[in-house]
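K.L.:
I would like to see how this sequence folds:
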Amino acid sequence: MIEENKIQLEQIVAPSTFGTQFLNPQKIVAQLEMRPGMKVAHFGCGTGYFTFPIAGKIGEKGTIWALDILEHKIELIRSNTKVLGLGNVIVKRVNLEKPNGSGLEDGSADWVVMVNMLYQNSRQNQILGEAKRILNSTGRILLIDWKTASGSFGPEMHTRIAKEDLLKMIRKNGLGIAQELEIGQLYFGMILTK
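P.N.:
Predicted coordinates:
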């Protein structure tokens, strides 16, 4: 069913859509070591710019949990999931700033994806800890966020997290950095390990 809906899927997450003009989810996801059958948690999924490309990559035997606190975003993903006939997307409204906020089991995910969401939250350490909790022993975290370099596009500068501060949080949560990613002039990216 996923392959049959490829054209519709590309229309939903087309690079010309606002929010993906500077990030190319398809290109980023294509480079990740995600395999069919894997289980992925997308923290702060928004409207699904990364959810849907990941759903295609992990296939019908995989599972992606699309997790967000905003009901209108969740409803949009639910609607698009139904239209596309995607049975591997599980949509949940959650509060990741609370203990066990994802509602997922310990060690249940192969990947956690966090794209441009940490800067929007006040309890970043809690969110990183939750990501670590649900990762299995070989799991990975894809983390992409806004650079603090000056610019007129993006969130206000005071809301962004300096990369150095984020590195301290990563170490505090007992996570390692497997790889730094070249994302572009507006973002930094990393793959973290448990």
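
K.L.:
Off-centre distance for the longest helix along the chain?
P.N.:
Secondary structure of the chain read by DSSP state H shows that its longest helix is helix 71-84. Its chain's average C-alpha position is 16 Å from that of helix 71-84, according to C-alpha atoms, centre = their mean, to the nearest Å.

K.L.:
how deep is residue 187 tucked in, by neighbour count?
P.N.:
By other C-beta atoms under 10 Å, the residues close to residue 187 number 18. For every residue, glycine as well, the C-beta is placed using N, CA and C.

K.L.:
State the phi and psi torsions of the residue lying closest to it once chain neighbours are set aside.
P.N.:
Once its chain neighbours are removed from consideration, residue 187 has its nearest residue in residue 144; the separation is 5.4 Å (C-beta to C-beta, 6 or more residues apart in numbering). Here is the backbone geometry of residue 144 (degrees, to the nearest 10): phi -130, psi 130.

K.L.:
measure residue 144 to residue 82 for me?
P.N.:
Separation of residue 144 from residue 82 (C-beta to C-beta, to the nearest Å): 28 Å.

K.L.:
Kindly report the same for residue 48.
P.N.:
Distance from residue 48 to residue 82, by C-beta to C-beta: 13 Å.

K.L.:
More neighbours: those two, which one.
P.N.:
A side-by-side neighbour count of residue 48 and residue 82, using other C-beta under 10 Å, places residue 48 first with 27 against 10.

K.L.:
Wait, that one touches residue 77, no?
P.N.:
Yes: taking C-beta atoms under 8 Å as the definition, residue 48 is a contact partner of residue 77 at 4.6 Å.

K.L.:
tell me, what's touching the two both at once?
P.N.:
In terms of C-beta atoms under 8 Å, 6 or more residues apart in numbering, residue 48 and residue 77 are both contacted by the residues residue 66.
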